[in-house]
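A.B. asks: structure for this input, please:
(chains A and B, ligands or ions: 2)
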Amino acid sequence: MGDVMQNHPAATAARKSRTLRAQAAAGARIAQLLLGFACAFLFWYLTVDVWQLPRFANLPGPSEVFSEWFSPDPIYGLSFYTPDYYWHILHSLARVGVAFVLATLLGVPLGLLMGWSQRVREYVFPLFELLRPIPPLAWVPLAILMFHGTETPVIFLTFLAAFFATALNSMLGARSIDPSLIRAARCLGAGEWRLFSRIVVPGALPQVFSGLQISLGVAWFSLVAAEMVSGEYGLGYLINTGYSMATYPTIFIGMITLGVVGYLTSVVIRLIEHALLRWGNDEQGGRS
Amino acid sequence: MKRAAPTSIGHLKIEDAVKVYRSRNVETLAVDHCSLDIQPGEICMIVGPSGCGKTTLLNAVAGFHGLTSGRITLDGELLCGPGKPMAEPGPDRVVVFQNGALFPWMTVLDNVTFGPLSQKTMTTSEAREKARELLADAGLAGMEHRYPEQLSSGVRRRVEIARAMMNDPAVLLLDEPYRALDSLTRAMMHEALLEMHARRPVTILFITHDLEEAVFLGHRIVVMSARPCRPTLQMEIDIPHPRDYSITTSDAYRGYVESALDAVHLEAQKSFAANEAEARP
Ligand SMILES: Nc1ncnc2c1ncn2[C@@H]1O[C@H](COP(=O)(O)OP(=O)(O)OP(=O)(O)O)[C@@H](O)[C@H]1O
Ligand SMILES: [Mg+2]
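C.D. replies: Ligands and ions are numbered 1, 2, ... in the order given. Modelled structure (predicted):
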C-alpha cells in the first residue's frame, strides 16, 4: 500500500523534484514581491521627487523619509535611534494585544455556543446583529463616558469590532460542520460535552482562524482611529500629531511602521493556525 | 438459510413504519407501512428508485429522526414506536455514511478509538490495542498515525467500517457507502466487507443503487417501491458465503442480477410516471 510506495525509488525521485519545484516557486515569489515593492517606491520617488506633481509636492519623498528614519539625530525627532519610536510601537502593540486577546477569549466561546445551540442563538443573535453594524467610531463618546483614563476607552474601542468579527466567524464555523460528522459522533456514543469539545471546536477551527485574521485587521483599524481621538502615545497618535505639527516624514514613518507591525502580528496568528491545524495542510503525506 | 455464522444479537424488526415529512403546507409521504424483519447476522440489501425513502427508513433506525407511526425493535427492545417518538443514536447501530464521516482532525487511531472512549467502555490503552488488532485484520496496519486526508478513499471507507466495528454493534447501517468509489476500488471494498462479516457476522442493513453490489453482498435483496417506500419484492440470494469475485461470472449470479434489474426497472418506471402526473396539474 502507501507505505511500500513511500520508499520506492520513483517515489523518492518524485519527492526530490517536488522539493526543487517548491524552491523554484518560492524564489519566483520573492522576486515578484521585491519587484512590487520596487515599483511602488519608484512611483513614490517619481511623483514626489522627480516630477513634483501638484498635489504631491508637499509630501516628503522616499529619500527624505528614509534618511530621517535611519538618522541618529532626526530633524523631526523620530527615528530608529530614538526611544520614543519604540515607545509608540509598544503602546499600540500592547493595546491591540489586550483587546485582541479579550475579543478572542470572549468571542470564540460565544460564537461557538451560538453556532452549536439554537437556544443560545435565538437569545443572543438578534442583539448581536443590531450592535454589529455600529461602526467603532460611533462608540467613541460612549467609551469616553463609560471608562476612566486614556487607556481603557482606546482598548474598549479596539476590542469591539474585533469581538464581533471573531464571534460571528466562530458561529459560522460551528454551523458549517458537516452534519454527518455530528451524526457519526452521536452514533459512536459521544455525549454533549464530548461532541462540543472534540467535534464542534476542531471542526470550526479553520473558520475561527479566518475570523481571527479579520478580527486582528479591524483591531488595528479601530486602534488607530481611537488613538487619533485620544491618547498620548501610539502609532495612530504619532500619525495624527505628525499631521497637526506638520512633521510630514513622521507620518510616513508611522504609516509604514503600522503596515509592518500589523503584517507581523497577522503572521503570528497564521503560525499558530498552522501549528494547530496540522491535519489540513500536509502535502507530503509521510508523517509517522 | 445460509448464514455466515450463527449469532444471537442483531435481530432488527421494522413494523408498519410510516414517515410523513411535513414542511409548511406540503406533506410528503416518504415511507408507507413498511415492514422488514432482518435476522441476526443477515446482510440485507435495500434497493429502490432515487428519492423513494430508503435513507428516511435507515435514519429512523439510526435515531436521526422519528417515525410518524409504526415501531422498530432491536432484539426485542423497542427503539422507536408508541410512546417513544424517536430512537436514540447509539453504538449498537452504527452508520457508515455515503460521503464518509471520519473526523479529519483525528488520526486513524483516534478515529477508531473514538467510540469506546466516548462510551467509557475501555481505557485508552485497551481501546488502542483493540483498534490496532481491528486495523491489522482489515489490512490497515501502519496507517494508525495518518490523517484521513492522507488516505485513499478506499482506505478511508475501510477505516470507517473498523471504527464502527470497534463498538461491537448489533447492526451496521450503510447508506450507499461505496457510491463515490471507482468500480475497481468498490470491488475491493466488497470483498473486504465480506471478509469482515465472516470474522464478525454483524447484521447489516445496506442501501444501494448498484444491483450487482446488492447481489454480490446480500443474503437477501429487498426492492422498494417508488415513493412512498415499501418492499415490493424480496429475493433470497442463494449463493453460499464466503463469496469472492469468481461468482460474478456464474449463471446463478447473472440470473439474480437480471431479475433484480427487472423489478427495479418496473419501480423506476412507476416513479417516473408518478412524477409526470405530479408535474401535470
Ligand atoms: N427533511 C425532509 N423534509 C421533507 N422532505 C424530505 C426530507 N428528507 C427527505 N425528503 C423527501 O422524502 C423522500 C425520500 O427521501 P430519501 O432521502 O429517504 O430517499 P432515498 O430513497 O434515500 O433517495 P436516494 O436514493 O436519492 O438517496 C424524497 O422525496 C425527499 O425529497
Ligand atoms: Mg438516500
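A.B. asks: count the neighbours of A:S197 for me.
C.D. replies: Summarising burial for A:S197: neighbours were counted as other CB atoms under 10 Å in any protein chain shown, giving 11. No exception for glycine: its C-beta is placed from N, CA and C like everyone else's.
A.B. asks: what do you get for B:L184?
C.D. replies: Residues near B:L184, counting by other CB under 10 Å, number 9.
A.B. asks: which strand or helix spans it?
C.D. replies: When secondary structure is defined by DSSP states H and E, B:L184 falls within helix B:183-199.
A.B. asks: and the longest helix seen in chain B, how far from the chain's centre?
C.D. replies: Taking residue count as the measure and DSSP state H as the definition, the longest helix of chain B comes out as helix B:251-279. Helix B:251-279 sits 21 Å away from the centroid of its parent chain (CA atoms, centre = their mean, to the nearest Å).
A.B. asks: how about that helix, does it reach ligand 1?
C.D. replies: No: Helix B:251-279 stays clear of ligand 1 (CB under 6 Å from any ligand atom), getting no nearer than 9.9 Å.
A.B. asks: distance check, the closest residue to ligand 1 within the stretch 101-250 of chain B against B:V264.
C.D. replies: Nearest to ligand 1 in the stretch 101-250 of chain B, going by CB to the nearest ligand atom, is B:R227, at a distance of 5.4 Å. Here the distance between B:R227 and B:V264 works out to 14 Å (CB to CB, to the nearest Å).
A.B. asks: out of those two, which sits in the busier spot?
C.D. replies: Taking neighbours as other CB under 10 Å, B:R227 and B:V264 compare with B:R227 leading, 24 against 21.
A.B. asks: circling back: distance between the helix holding B:L184 and the chain's centre?
C.D. replies: Between the mean C-alpha point of helix B:183-199 and the mean C-alpha point of its chain there is a distance of 14 Å (CA atoms, centre = their mean).
A.B. asks: tell me the contacts of the residue nearest to A:L181 when sequence neighbours are not counted?
C.D. replies: Leaving aside its chain neighbours, A:L181 sits nearest to B:A101 (5.3 Å; criterion: CB to CB, 6 or more residues apart in numbering or on different chains). By CB atoms under 8 Å, 6 or more residues apart in numbering or on different chains, the residues touching B:A101 are A:D178, A:S180, A:L181, A:R183, A:A184, B:E160.
A.B. asks: what's the answer for B:R157, then?
C.D. replies: Residues counted as contacts of B:R157 (CB under 8 Å, 6+ apart) are B:V96, B:G100, B:P177, B:Y178, B:L181, B:M189.
A.B. asks: which SS state does the second one fall under?
C.D. replies: Taken by DSSP: H, G, I helix; E, B strand; the rest coil, the conformation at B:G100 corresponds to coil.
A.B. asks: is it true that it touches B:G154?
C.D. replies: No: applying CB atoms under 8 Å as the test, B:G100 and B:G154 come out as separate, 10.6 Å apart.
A.B. asks: quick one: is stretch B:129-137 near chain A?
C.D. replies: No: judged by CB under 8 Å from any CB of the partner chain, stretch B:129-137 stays clear of chain A, getting no closer than 12.1 Å.
A.B. asks: what mean pLDDT does that stretch have?
C.D. replies: In this model, stretch B:129-137 carries a mean pLDDT of 94.
A.B. asks: list the buried ones in it?
C.D. replies: Of the residues in stretch B:129-137, those with enough neighbours to count as buried (16 or more other CB atoms under 10 Å in any protein chain shown) are B:K130, B:A131, B:R132, B:L134, B:L135.
A.B. asks: from the chain's centroid, how far away is it?
C.D. replies: The chain centroid and the centroid of stretch B:129-137 are separated by 22 Å under CA atoms, centre = their mean.
A.B. asks: ditto for stretch A:53-67
C.D. replies: Here stretch A:53-67 shows a centroid-to-chain-centroid distance of 29 Å under the convention CA atoms, centre = their mean.
A.B. asks: kindly format the C-alpha coordinates of that stretch as PDB.
C.D. replies: Backbone C-alpha positions of stretch A:53-67 (Å, rounded to 0.1, in the frame of the first residue of the first chain) are rendered in PDB as follows:
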ATOM      1  CA  LEU A  53       3.200  66.700  -9.400                       C
ATOM      2  CA  PRO A  54       0.900  69.500  -8.000                       C
ATOM      3  CA  ARG A  55      -0.700  67.700  -5.100                       C
ATOM      4  CA  PHE A  56       2.400  65.600  -4.300                       C
ATOM      5  CA  ALA A  57       4.800  68.500  -4.000                       C
ATOM      6  CA  ASN A  58       4.100  68.900  -0.200                       C
ATOM      7  CA  LEU A  59       4.900  65.300   0.600                       C
ATOM      8  CA  PRO A  60       8.300  64.000   1.600                       C
ATOM      9  CA  GLY A  61       9.900  61.800  -1.000                       C
ATOM     10  CA  PRO A  62      11.400  58.300  -0.100                       C
ATOM     11  CA  SER A  63      14.900  59.700   0.300                       C
ATOM     12  CA  GLU A  64      13.800  62.300   2.800                       C
ATOM     13  CA  VAL A  65      11.700  59.800   4.800                       C
ATOM     14  CA  PHE A  66      14.300  57.100   4.900                       C
ATOM     15  CA  SER A  67      17.200  59.400   5.800                       C
END
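A.B. asks: burial count for whichever residue of chain A sits closest to ligand 1?
C.D. replies: The minimum distance from chain A to ligand 1, using CB to the nearest ligand atom, falls at A:P179 (11.6 Å). When counting by other CB under 10 Å, one arrives at 10 neighbours for A:P179.
A.B. asks: swap in A:P60?
C.D. replies: Using other CB under 10 Å, A:P60 is surrounded by 21 other residues.
A.B. asks: also the one 3 residues further on?
C.D. replies: Other residues near A:S63 number 11, with proximity taken as other CB under 10 Å.
A.B. asks: for it, which non-adjacent residue is spatially closest?
C.D. replies: Sequence neighbours aside, A:D49 is the residue nearest to A:S63 in space, at 6.7 Å (criterion: CB to CB, 6+ apart).
A.B. asks: from A:G242, how far out is the one you found?
C.D. replies: Applying CB to CB to A:D49 and A:G242 gives a distance of 20 Å.
A.B. asks: neighbour count winner among those two?
C.D. replies: Set side by side, A:D49 and A:G242 give different neighbour counts by other CB under 10 Å, the larger being at A:G242 (20 against 15).
A.B. asks: look up phi and psi at A:V268.
C.D. replies: Main-chain torsions, A:V268, degrees, to the nearest 10: phi -60, psi -50.
A.B. asks: I meant A:A246, not that one.
C.D. replies: Torsion angles at A:A246 (phi, psi; degrees, to the nearest 10) stand at phi 60, psi 30.
A.B. asks: same deal with the one 4 residues further on?
C.D. replies: The phi and psi torsions at A:T250 (degrees, to the nearest 10) take the values phi -60, psi -40.
A.B. asks: and it, how many residues sit next to it?
C.D. replies: For A:T250, the tally of surrounding residues (other CB under 10 Å) stands at 26.
A.B. asks: so who does it touch?
C.D. replies: For A:T250, the residues meeting the contact criterion (CB under 8 Å, 6+ apart) are A:E68, A:Y76, A:G77, A:L78, A:L238, A:I239, A:T241, A:G242.
A.B. asks: just those residues: which are in strands?
C.D. replies: Members of the contacts of A:T250 lying in strands (criterion: DSSP state E): none.
A.B. asks: picking that back up, quick check on the contacts of B:A101: which are buried?
C.D. replies: Applying a neighbour-count criterion of 16+ other CB under 10 Å, the buried members of the contacts of B:A101 are A:D178, A:L181, A:R183, A:A184, B:E160.
A.B. asks: could you dump those into CSV with secondary structure and pLDDT added?
C.D. replies: Below are the buried ones among the contacts of B:A101 laid out as CSV (DSSP: H, G, I helix; E, B strand; the rest coil; pLDDT from 0 to 100):
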residue, secondary structure, pLDDT
A:D178, coil, 94
A:L181, helix, 96
A:R183, helix, 95
A:A184, helix, 96
B:E160, helix, 95
